[in-house]
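Student: would you be able to build a 3D model of this:
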Amino acid sequence: MKQDFYINLQAEEQDQLAAYERAAGRYTLYRTACFFALIFAFAAAYDGLSIAGIMGVLLLVLFGWLIRQHNHIKKQIRFVKNSLDVTADYLSHFDRKWQDLPDKGEEFCKESRPQDIDLHIFGKASLYQYLCCARTALGRSRLAQALAVTPPPPAVILNRQEAAAELIDRQLLCVELLALSRQLPINHDTAPLIKEITAGSHHHISHMLQRTVWLLPLLTLCSILMAAANLLDWQIPGLFVLLQFAIAMLFQRQNQAILAPLLTLNQELHAYQSLFIRLGETNFTSPVLAKPAADLSQNGAPALQKLARLTDHVNLCRNLFFYVLGNALLLWDCHCAVRFARWQDDAAQNLQGWLQEWAEMELYLSLAMVGHTREQYCFPQILKGSPQLKTTALSALLLEEAKAVPNDTVLTAETRIITGSNMSGKTTYMRTLASSLVLAYAGSPVCAQTFSCTPMHIFTSIQVHDDQSQGISTFYAELLRIKQMVDFSQKELPMFICIDEIFKGTNSADRIIGAREAISRLTRPYAITLVSTHDFELCDLSSPNDIPVTNYHFAEYYEENKIKFDYKIKNGRCQTTNAQYLLKMAGIL
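Tutor: Residues are numbered from 1 along each chain as shown. Down below sits the predicted model:
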């Protein structure tokens, strides 16, 4: 089972974390002991014991190595902790705890697009919340754009399917990439990063200064060595040191303006560098993944590695002692400014493209979520021609897999009147079909054995509410939605329409008259129209053209005086009702 993979992985990660933490404790002990031994060795050397001086130098080298190894262990600990968080997120999809994940995508919900609410595309317990793995603002936006009710070109869908299919087969890689991406702050906005890195590229650093930052430190160090060997008076290196510090102060304002973006981007740059390197280590078979991964590893990773190293060097100057010493001996700030200006000339123009490629990778990781957490799934087949939707054992993604009841469906251009008792599954059935189309358009798998469809524009009227601020009643709000459907139908483009309990906000006489007219207008050769209703009069509708109007229903049954549902769609109209029984259950009758 899919869940077993993540349970076993979680156990392995916990063992790794414990081992790394034990190693970190040992390195802390080794560093402490080495540091005190180093102090005693240099103290002994100061007292005249020459061998202690040699030991002190060796211990200093060892201390530096221990610090480096300890930092490496700390980095591994952070990575394993991130991996545990990612694995926990995957496991949450098996027990409905995914509804507690923080990213619900509510900001992407549009009032002008009621399908977002009707189909639970965004918000609490939504398609977006179930799928989203993106850490960056751009990656989150890409997923939101992909969850569309308007179909993209079939080639776009097929490319996304190809990428998602390969990532589904690489579960461990997905966990590693998402763990590395957790080095980034949540909803990390790359736009300021791009702006800050590319800003200041207009600063011109003269060729004279570029030569000076290399030549003058070299002359200073040579003069110090010669003075130490009594080949030169100490005044000469002293003058060089003063000259360098004066030059650093002269260009301080310019250097600060150039280097300012690098003072806050250290963590982000190292994160992207790690991600790009990991992608380069993967041999993708899909061209959709292989091409951007090669670009990011061959071009993006080396460029960001240089920039990340430069940010480390720039941040050293936050230490006042190093700031004075580095600029006096090495013209440190000027040197860093020259390197950054050169990097901007060589690579800054490509940064936006690299970050967009990673955002696209985040989209593919999100689309693979269904395949990683569902036992039964398939990639939709995109058909051509007149409207079609064919499914086998289709169930709703937002329901627990063990509890979701699958249904088979074959739809062509037709109007389907769906009747049935309260709570029998009419609305869920329509939502499942429409939301599965949204997943299909995004390039994600759907929860079915087979699924094929033609691209259709999705329209819904399910959760309709009044708007007191605009003076709009529930009935009028539904009228506006159906008018939108009728108006769009004049374009003669493929449509998939779901209307739940049509015109429920008015009296039965007007409801039936209005429903008949609306259904007649939406029965078209380029539309699949699903209408649920409790009005059996609508089951007798005749087609205004050659497009069939069919009847299907959901039913209940009773066991031990308890109402039960099988949630299976059946041919024909419903023959039973359960409103009085539910009223008795509620204590009203």
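
Student: tell me the domain ranges of this protein?
Tutor: Residue ranges for the domains of the chain, per automatic domain parsing: 2-87, 115-373, 381-585.

Student: nearest to residue 109, out of those?
Tutor: Closest to residue 109 of the domains of the chain is domain 115-373 (CB to CB; 4.2 Å). C-beta coordinates here come from the backbone N, C-alpha and C atoms, glycine included.

Student: first vs last residue of that closest one, how far apart are they?
Tutor: Counting by CA to CA, to the nearest Å, you get 25 Å between the two ends of domain 115-373.

Student: cool, stretch 467-477 as well?
Tutor: By CA to CA, the extent of stretch 467-477 from end to end equals 8 Å.

Student: who touches it?
Tutor: 464-466, 480, 503-506 (CB atoms under 8 Å, 6 or more residues apart in numbering).

Student: next SSE downstream of the helix or strand hosting residue 529?
Tutor: Here residue 529, judged by DSSP states H and E, is contained in strand 527-532. Following strand 527-532 in sequence order, the next helix or strand is strand 549-554 (DSSP H and E).

Student: nearest to residue 94, out of the domains of the chain?
Tutor: Across the domains of the chain, the minimum distance to residue 94, taken as CB to CB, is reached by domain 2-87, at 4.7 Å.

Student: if I look at the residue nearest the centre of the chain, how far off is residue 369?
Tutor: For the chain, residue 134 is the residue whose C-alpha lies nearest the centre (CA atoms, centre = their mean; 1.2 Å). Look at residue 134 and residue 369: by CB to CB, to the nearest Å, they are 11 Å apart.

Student: over to residue 434?
Tutor: With CB to CB as the criterion, residue 434 and residue 369 are 19 Å apart.

Student: rewinding a little: okay if I get the domains of the chain as CSV plus mean pLDDT?
Tutor: What follows is the domains of the chain, written out as CSV (pLDDT from 0 to 100):
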stretch, mean pLDDT
domain 2-87, 90
domain 115-373, 86
domain 381-585, 89
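
Student: export these to TSV and append columns for distance to residue 104.
Tutor: Formatted as TSV, the domains of the chain follow (distance: least, CB to CB, whole Å):
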stretch	distance to residue 104
domain 2-87	18
domain 115-373	5
domain 381-585	13
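
Student: tell me where the stretch 351-500 of the chain has strands.
Tutor: Applying DSSP state E, counting those that start in this stretch to the stretch 351-500 of the chain gives strands spanning 381-382, 388-394, 407-412, 414-420, 450-453, 457-461, 495-499.

Student: and the strand or helix carrying residue 340, what's buried?
Tutor: Assigned by DSSP H and E, residue 340 falls within helix 332-367. Neighbour counts over helix 332-367 (16 or more other CB atoms under 10 Å) mark 332-341, 343-344, 347-348, 351-352, 354-367 as buried.

Student: quick one, which of the contacts of stretch 467-477 are buried?
Tutor: The neighbour count (16+ other CB under 10 Å) marks 464, 503-506 as buried among these.

Student: that older thread, what angle sits between the strand holding residue 529 and strand 388-394?
Tutor: Calculated by axes from the mean of the first three to the mean of the last three CA atoms, to 10 degrees, strand 527-532 forms an angle of 50 degrees with strand 388-394.

Student: count residues in the vicinity of residue 471, would you?
Tutor: Neighbour count for residue 471, taken as other CB atoms under 10 Å: 8.

Student: swap in the one 4 residues further on?
Tutor: Burial of residue 475 is recorded as 17 neighbouring residues (other CB under 10 Å).

Student: distance of it from residue 488?
Tutor: The value you get for residue 475 to residue 488, if CB to CB is used, is 21 Å.

Student: so which of the domains of the chain gets nearest residue 101?
Tutor: domain 115-373 (5.9 Å).

Student: chain center to the closest one: distance?
Tutor: Mean-position distance between domain 115-373 and its chain equals 19 Å (CA atoms, centre = their mean, to the nearest Å).

Student: try stretch 463-470
Tutor: Chain-centre distance of stretch 463-470: 33 Å, with CA atoms, centre = their mean.

Student: just the terminal-to-terminal distance for that stretch.
Tutor: For stretch 463-470, the separation between the terminal residues is 18 Å (CA to CA).

Student: again, but for stretch 457-468
Tutor: Taking CA to CA, stretch 457-468 runs 30 Å from one end to the other.

Student: what do you get for stretch 182-191?
Tutor: 18 Å.

Student: just use 364 as the starting number from now, easier for me
Tutor: From this message on, residue numbering opens at 364, which makes the last subject stretch 545-554.

Student: what about residue 512, which SS state?
Tutor: Under DSSP: H, G, I helix; E, B strand; the rest coil, residue 512 falls in the coil class.

Student: check contacts around it.
Tutor: Contacts of residue 512 were listed using CB under 8 Å, 6+ apart, and they are 476, 478, 482, 484, 801, 804, 820-822.

Student: could you provide these in CSV, with additional columns for distance to residue 517 and neighbour count?
Tutor: Shown next, in CSV, are the contacts of residue 512 (distance: CB to CB, whole Å; neighbours: other CB atoms under 10 Å):
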residue, distance to residue 517, neighbour count
476, 22, 18
478, 21, 22
482, 21, 28
484, 21, 26
801, 16, 23
804, 10, 25
820, 15, 20
821, 16, 22
822, 21, 25
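
Student: can you list the buried residues in the helix or strand harbouring residue 590?
Tutor: Taking DSSP H and E as the definition, residue 590 sits inside helix 570-591. Of the residues in helix 570-591, 572-573, 575-576, 579-580, 583, 586-587, 590 count as buried by neighbour count, 16+ other CB under 10 Å.

Student: pipe those residues into CSV and attach distance to residue 751 per row.
Tutor: Output for the buried residues of helix 570-591, formatted as CSV (distance: CB to CB, whole Å):
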residue, distance to residue 751
572, 69
573, 66
575, 73
576, 68
579, 75
580, 73
583, 78
586, 83
587, 82
590, 88
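
Student: among those residues, which two are most distant?
Tutor: Comparing every pair within the buried residues of helix 570-591 by CB to CB identifies 573 and 590 as the most remote, at 27.4 Å.

Student: helix, strand or coil for residue 593?
Tutor: Assignment for residue 593 (three-state DSSP): coil.

Student: I'd like the distance between it and residue 599.
Tutor: If you go by CB to CB, the gap between residue 593 and residue 599 works out to 13 Å.

Student: look at these two and report which has more neighbours.
Tutor: Using other CB under 10 Å as the criterion, residue 593 and residue 599 rank with residue 599 on top: 15 against 8.

Student: how about that one: what's its closest non-neighbour residue?
Tutor: Distances taken as CB to CB, 6 or more residues apart in numbering place residue 586 nearest to residue 599, at 5.0 Å, with adjacent residues excluded.

Student: likewise residue 580?
Tutor: residue 693 (4.6 Å).

Student: my guess is that neighbour contacts residue 582, does it?
Tutor: No - between residue 693 and residue 582 no contact is recorded; they are 11.6 Å apart, counting by CB atoms under 8 Å.

Student: quick one: residues contacting residue 774.
Tutor: The neighbours of residue 774, taking CB under 8 Å, 6+ apart as the test, are 750-753, 796, 891.

Student: which of those has the most neighbours?
Tutor: For the contacts of residue 774, the largest number of neighbours (other CB under 10 Å) sits with residue 891, at 26 neighbours.
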